[in-house]
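Student: Everything below, folded, please.
(one chain, ligands or ions: 2)
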Amino acid sequence: MAEYHIIVCSSTNQMLRAQKILREQSIGIELIPVPAEFGTVCNTAIKLASNDLEKVQGIINKAEIHLNGIYPLKPRKYESIMNALKTKRLPKFTNILQKIQNQLDLTVDELTYLLASDDIEQELFKVADRMRAEIVGDEVEIRGAIEFSNFCRKNCDYCGLRRDNNQTVRYRMQTREIVDLAIQMRQAGIKTIILQSGEDQWYTTEKIISLIKSIRSETGLRITLSLGERTQKEYEAFRSAGATNYLLKIETTDEKMFSDLHGGELMGARAQHLKWLKELGYLVGSGNIIGLPGQSVSHIAQDLMFFKEMGIHMVGIGPFIPAQGTPLENLSPGPYNLSLRTIAVARLYLRNVFLPSTTALATLNDAAQAKGLEVGANKLMIIATPERYRADYCIYDNKKAVNMSDAISIVKTLNRRLPNTIAEEI
Ligand code: 5AD
Ligand code: SF4
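Tutor: Numbers count the residues shown, from 1 in each chain. Ligands and ions are numbered 1, 2, ... in the order given. Model (predicted):
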């Protein structure tokens, strides 16, 4: 079996310097979310083959890169899996759990089996929940989303904000209004905000930069951008202005489905954006939709493999919800159980990542968002968009607007922990 080491740098800047220098010297490296035992999920580590270790150490020393350390990537034994293995299970399930315990990669067939099998569902949920507790703990991250514009130049078949949907009433928020909301979010104890919009070129590079700078200087909040596709140069400029996270879903990794749903666009092009974002040192979020037309369980298994390969830090998994005024308006919503299972399998397979219990899941049924947190998820997103715009941010029908008190009550009911910046009573 190949052996690996990881380099954990003292800061993102140092990590990016190290990445650049090692790539220039043609060392095969990968950026991965730092394993839990070496820091928070929010750090990125550089993974390398142990065979290259000596050479890499020389390069790093010469370049005077500041490190926390270089560590062997030892297989970690999970108690959650050890416990699950103690009782008798179906042999196939046992075998897969053992592979996870031994840090072996799963095949597409094994992932498909985990996603598709009714008879192991309860066991799967239980072990995913325990693994979540073991790896990321009981705290539920709470992020605040400001949906600041619903104009979109794209025409995704599933989305209510698509360009050709003339039933959507469009709005744009001004910089001051957005910054004021960010200030309120900070006062409510939120540490990271998500600035989300359709692909709206009205917000030029300069406008977005000035928005980022104002939010950073007036609130110090961490900023996740979710603006759709922009140019590599823009990603770089936004990163320099102070944005640290970027959310860009792949939606599906199946090339045919991707281009059918996106007017002929290529999945590989979207994946290239994710690569750029990683290379610029963003913490990158992605995700998929469960229940798209033509999607099979093995497509979903392949999506999970893609997230692993790309070293994605945050994976938003949500069911398809039909949206009025779109070509898919008459389809049924995506399957509830498969959505939950995908979260559970993502936890077992991707391990040290943020998994939100998504708004789409909350929209599917009232208990679903709490359930997501019980099968592997560790994050909730609250909607901070002002009331008067909310109904118009109609990505899909009846989109639920989870607010801070909903989030607090879900977390308390589940006996989980709120971030320490958030007061229990509001
Ligand atoms: N159902 C579920 N998710 C959707 N999204 C857009 N439309 C739908 C839908 N009908 C999600 C996509 C996109 C994000 C903005 O919302 O994953 O990335
Ligand atoms: Fe636009 Fe995003 Fe909706 Fe596609 S999913 S139409 S890019 S808002």
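
Student: residues in the stretch 301-426 of the chain within reach of ligand 1, list them.
Tutor: Residues of the stretch 301-426 of the chain lying near ligand 1 by CB under 6 Å from any ligand atom: 318, 320, 321, 323, 360, 395, 396. (Each C-beta comes from the backbone N, C-alpha and C, glycine too.)

Student: Swap in 5 Å and give it another go.
Tutor: Applying CB under 5 Å from any ligand atom, we find that the stretch 301-426 of the chain lies next to ligand 1 at 320, 321, 323, 360, 395, 396.

Student: Same check on the chain?
Tutor: Counting by CB under 5 Å from any ligand atom, the chain sits next to ligand 1 at 158, 159, 249, 289, 320, 321, 323, 360, 395, 396.

Student: Can you add neighbour count and give those back as TSV?
Tutor: As requested, those are exported to TSV (neighbours: other CB atoms under 10 Å):
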residue	neighbour count
158	23
159	23
249	18
289	27
320	24
321	25
323	26
360	26
395	23
396	24
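
Student: Next up, the contacts around the spatially most central residue of the chain.
Tutor: Central residue of the chain (CA atoms, centre = their mean): residue 314, 2.3 Å from the mean position. Neighbouring residues of residue 314 by CB atoms under 8 Å, 6 or more residues apart in numbering: 245, 247, 283, 284, 285, 286, 287, 353, 354, 355, 356, 379.

Student: Switch the residues of the chain next to ligand 1 over to JSON lines; also include secondary structure and pLDDT.
Tutor: Shown next, in JSON lines, are these (DSSP: H, G, I helix; E, B strand; the rest coil; pLDDT from 0 to 100):
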{"residue": "158", "secondary structure": "coil", "pLDDT": "98"}
{"residue": "159", "secondary structure": "coil", "pLDDT": "98"}
{"residue": "249", "secondary structure": "coil", "pLDDT": "98"}
{"residue": "289", "secondary structure": "strand", "pLDDT": "98"}
{"residue": "320", "secondary structure": "coil", "pLDDT": "98"}
{"residue": "321", "secondary structure": "coil", "pLDDT": "97"}
{"residue": "323", "secondary structure": "coil", "pLDDT": "97"}
{"residue": "360", "secondary structure": "helix", "pLDDT": "94"}
{"residue": "395", "secondary structure": "coil", "pLDDT": "95"}
{"residue": "396", "secondary structure": "coil", "pLDDT": "94"}
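
Student: restrict the residues you listed to those near ligand 2?
Tutor: Checking those against ligand 2 by CB under 5 Å from any ligand atom, the ones in range are residue 159.

Student: And the residues of the chain next to ligand 1, which two are furthest apart?
Tutor: 249 and 323 (15.4 Å; CB to CB).

Student: Residue 383 and residue 359 touch, don't they?
Tutor: Yes - using CB atoms under 8 Å, residue 383 is in contact with residue 359, at 7.2 Å.

Student: Now do the shared contacts for these two.
Tutor: Contacts common to residue 383 and residue 359, judged by CB under 8 Å, 6+ apart, are residue 402.

Student: mind checking how far residue 365 is from ligand 1?
Tutor: Separation of residue 365 from ligand 1 (CB to the nearest ligand atom, to the nearest Å): 14 Å.

Student: Quick check: phi and psi on the closest residue to that residue other than its chain neighbours?
Tutor: Excluding the flanking residues, the one nearest residue 365 by CB to CB, 6 or more residues apart in numbering is residue 336, at 6.6 Å. With angles defined as degrees, to the nearest 10, residue 336 sits at phi -60, psi -50.

Student: pretty sure residue 336 contacts residue 321?
Tutor: No - applying CB under 8 Å, one finds residue 336 not in contact with residue 321, separated by 11.3 Å.

Student: Find the residues that touch each one of the two.
Tutor: residue 364.

Student: then stretch 263-283 to CSV, C-alphas only?
Tutor: Presented in CSV, the C-alpha positions along stretch 263-283 are these (Å, rounded to 0.1, in the frame of the first residue of the first chain):
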residue,chain,number,x,y,z
GLY,A,263,-27.7,24.0,-22.0
GLY,A,264,-24.7,22.1,-23.4
GLU,A,265,-22.1,23.3,-20.9
LEU,A,266,-19.4,20.9,-19.9
MET,A,267,-19.0,19.3,-16.5
GLY,A,268,-15.2,19.5,-16.9
ALA,A,269,-15.4,23.2,-17.2
ARG,A,270,-17.2,23.5,-13.9
ALA,A,271,-14.6,21.1,-12.3
GLN,A,272,-11.8,23.4,-13.7
HIS,A,273,-13.3,26.3,-11.7
LEU,A,274,-13.1,24.2,-8.5
LYS,A,275,-9.5,23.4,-9.2
TRP,A,276,-8.7,27.1,-9.6
LEU,A,277,-10.4,27.9,-6.4
LYS,A,278,-8.4,25.2,-4.5
GLU,A,279,-5.1,26.4,-6.0
LEU,A,280,-5.9,29.9,-4.8
GLY,A,281,-6.2,28.6,-1.3
TYR,A,282,-9.9,28.9,-0.9
LEU,A,283,-11.7,26.5,1.4
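
Student: Near ligand 2, which residues of this protein? Just list them.
Tutor: 152, 154, 156, 159, 161, 162, 198, 199, 228.

Student: Quick one: the residues you listed as a markdown table, columns for secondary structure and distance to residue 28 too.
Tutor: Shown next, in a markdown table, are the residues of the chain next to ligand 2 (DSSP: H, G, I helix; E, B strand; the rest coil; distance: CB to CB, whole Å):
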| residue | secondary structure | distance to residue 28 |
| --- | --- | --- |
| 152 | coil | 38 |
| 154 | coil | 35 |
| 156 | coil | 35 |
| 159 | coil | 38 |
| 161 | coil | 40 |
| 162 | coil | 40 |
| 198 | coil | 38 |
| 199 | coil | 34 |
| 228 | coil | 31 |
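
Student: Nearest to residue 240 among those residues?
Tutor: Nearest member of the residues of the chain next to ligand 2 to residue 240, counting by CB to CB, is residue 228, at 19.9 Å.

Student: got any ranges where this protein has weak pLDDT?
Tutor: Within the chain, the stretches with pLDDT under 70 are 1-2, 39-42, 88, 424-426.
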